[in-house]
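Peer 1: here is a sequence together with a model predicted from it:
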Amino acid sequence: MTFLELYGDALDMELGSADRVNRFTTAKRKLAMNQAQTEWIRVTGSFVKEEAEAVVDGTQEYNLETLISSSKFMRLAKRQPYLKIDDGTNQTYLEGDSFQRYFIEDLDRDEPGWRQAPGGQPQGFYLREEGDDLFIGLYPEPDIPAGETWTLYIPYVSYAADMSLDADVPFEGAQRLRAYHPALVHYAAYYLEKLRRNYAVSQQQHAAFIAWTQEYLGDNTNPAGDRVSMGHNYFAAAGNRTQRPADPRRFP
């Protein structure tokens, strides 16, 4: 459905009102519909984009607020970042268990001195917040051999551009989400019903919106089911001990 159809006739049916002038003004309808689009993405994580960033030798952290426009980046996607190593002949990908996520608290506890550890091939990544900035860091610091090119791929949940023209389509026209457009109308109705203090109906509309999000998540669940894994693979870590960065506290 187009923006006009959503904030117009479709919303009329849910509100039981065609008012565009008094309580349910056109401006409020449009605002509610754009908020619905953002809330859908926040709950479902369904609008994913991927950023490719050239890794710089000796540079450990990269500011996501700089790499990705602040008007687009919401959070990292469920799919984890991965690293491509190109030596000019072959390409190697580090992903999954070979490129795991670290948490700074765990590194501080388990790898004291990790910040000044010698550079090497990153075994994973971490996130660090600082004020209004969000950094993605590589551990250990990258030490790129001559002739190689390293690229970090960062899948992230993106904000969709606000709809403004009547012909605009939600989610920047993504056809895979077309069937879920009615969910946005329920959220917009939930938002606007509060204007007439009809909180019971408002909550019913919100429940309908959540039902749509759960249906979407169910439609996109891995048919093989969830896989349970340990947060830290001790056996793999023991087997790869020679690949880990040297402990800076030890003497040569």
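Peer 2: It's in.
Peer 1: where does pLDDT dip in the stretch 1-150 of the chain?
Peer 2: Along the stretch 1-150 of the chain, segments meeting pLDDT under 70 span 70.
Peer 1: quick one: the strands in it, in order.
Peer 2: Counting by DSSP state E, counting those that start in this stretch, residue ranges of the strands within the stretch 1-150 of the chain are 48-54, 61-63, 73-76, 82-86, 91-94, 100-101, 124-130, 133-139, 149-158.
Peer 1: what lies in contact with the longest one?
Peer 2: Yep, that's strand 149-158 we're talking about. Here strand 149-158 makes contact (CB atoms under 8 Å, 6 or more residues apart in numbering) with 41-42, 45, 47-55, 62, 64, 67-68, 72-77, 79-86, 88, 125, 136, 138, 142, 144. Just so you know, the C-beta spots here come from the backbone N, C-alpha and C atoms, and that holds for glycine as well.
Peer 1: partners of it in the sheet?
Peer 2: Take DSSP bridges as the rule and strand 149-158 pairs in its sheet with strand 48-54 (antiparallel), strand 73-76 (antiparallel), strand 82-86 (antiparallel).
Peer 1: now do the longest one: distance to the chain's middle.
Peer 2: Relative to the mean C-alpha coordinate of its chain, strand 48-54 is positioned 11 Å out (CA atoms, centre = their mean, to the nearest Å).
Peer 1: give me the neighbour count for the nearest residue to Q35 once chain neighbours are set aside.
Peer 2: Leaving aside its sequence neighbours, Q35 sits nearest to Y191 (CB to CB, 6 or more residues apart in numbering; 6.3 Å). A total of 21 residues lie near Y191 under the criterion other CB atoms under 10 Å.
Peer 1: wasn't Y191 part of a helix?
Peer 2: Yes. Secondary structure of Y191 (DSSP: H, G, I helix; E, B strand; the rest coil): part of a helix.
Peer 1: quick one: contacts for it?
Peer 2: Neighbouring residues of Y191 by CB under 8 Å, 6+ apart: 32, 35-36, 202.
Peer 1: before we move on, what about I104?
Peer 2: Neighbours of I104 in contact, by CB under 8 Å, 6+ apart: 126, 128.
Peer 1: how much space between it and R115?
Peer 2: From I104 over to R115 the distance is 10 Å, taken as CB to CB, to the nearest Å.
Peer 1: please enumerate the helices of the stretch 1-150 of the chain.
Peer 2: All helices of the stretch 1-150 of the chain, identified by DSSP state H, counting those that start in this stretch, fall at 3-5, 11-15, 26-44, 64-67, 104-110.
Peer 1: closest to A160 out of the ones you listed?
Peer 2: Checking the helices of the stretch 1-150 of the chain against A160 by CB to CB gives helix 26-44 as the closest, at 5.7 Å.
Peer 1: if you count neighbours, what's buried in the closest one?
Peer 2: 28-41, 43-44 (16 or more other CB atoms under 10 Å).
Peer 1: tell me what it is packed against?
Peer 2: Where contact means 3 or more CB pairs under 8 Å, 6 or more residues apart in numbering; DSSP states H and E, helix 26-44 is packed against helix 11-15, strand 149-158, helix 181-193, helix 199-219.
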